[in-house]
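Q: Structure for this input, please:
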Amino acid sequence: MQAYDKYKDSGIEWLGEIPEHWVISNCRYYLNILTDYTANGSFGDLAKNVNYSDYVGYSRVIRLTDLRENLNNSGIYVDEHAHTYLKKSQLVGGEILIANVGAYAGFAIKMPYIPYKATLGPNMFLTI
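A: Numbering: from 1, shown residues only. Now for the predicted structure:
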């Protein structure tokens, strides 16, 4: 961790002081897209249109657990219909994915570029 000469109060209690040259800003000014799995439809529609499979299918569902294991696990998959239905959360690589619930809430990672179709799983935000 780099030490800086001058610090200032961040204005955020849990964060405390930050380097003086840092700028605090709302992330919405830097993001083109902020979406998640449920942006594709209601929970009822998702349940009707998306079925997971443990067998390699048309598109891999990228979950936090997959990213924490560098995609070196068997994963879960969806068929072409589900992949098309989940069009608002399709992944190509380079997106920033952020866990939005649980012990890993706030965990962020850059989606690796992969040679297959993929879509975002539940409990994560996708940003570009």
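
Q: pLDDT weak spots in this structure?
A: Along the chain, the model assigns pLDDT under 70 to residues 1, 31-32.

Q: does Ile96 have beta-bridge partners, and which?
A: Lys110, Thr127 (DSSP bridges).

Q: what sits against it?
A: Ala108, Ile109, Lys110, Met111, Leu126, Thr127, Ile128 (C-beta atoms under 8 Å, 6 or more residues apart in numbering). For every residue, glycine as well, the C-beta is placed using N, CA and C.

Q: Apart from its chain neighbours, what residue comes closest to the second one?
A: If I follow you right, that is Ile109. Leu67 (5.1 Å; C-beta to C-beta, 6 or more residues apart in numbering).

Q: ok so, going back, can you flag the buried ones in the contacts of Ile96?
A: Among these, those scoring as buried are Met111, Leu126, Thr127 (criterion: 16 or more other C-beta atoms under 10 Å).

Q: got those as JSON lines, with distance to Lys87 columns?
A: Converted to JSON lines, the buried ones among the contacts of Ile96 look like this (distance: C-beta to C-beta, whole Å):
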{"residue": "Met111", "distance to Lys87": "16"}
{"residue": "Leu126", "distance to Lys87": "12"}
{"residue": "Thr127", "distance to Lys87": "17"}
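
Q: returning to what we had before: let me know the next secondary structure element after the helix or strand where the residue nearest to Ile109 lies.
A: In the assignment (DSSP states H and E), Leu67 maps to helix 64-68. Sequence-wise, the next helix or strand downstream of helix 64-68 (DSSP H and E) is strand 76-78.

Q: Once you drop chain neighbours, what's closest to Tyr113?
A: Closest to Tyr113 by C-beta to C-beta, 6+ apart is Gly93, at 3.2 Å.
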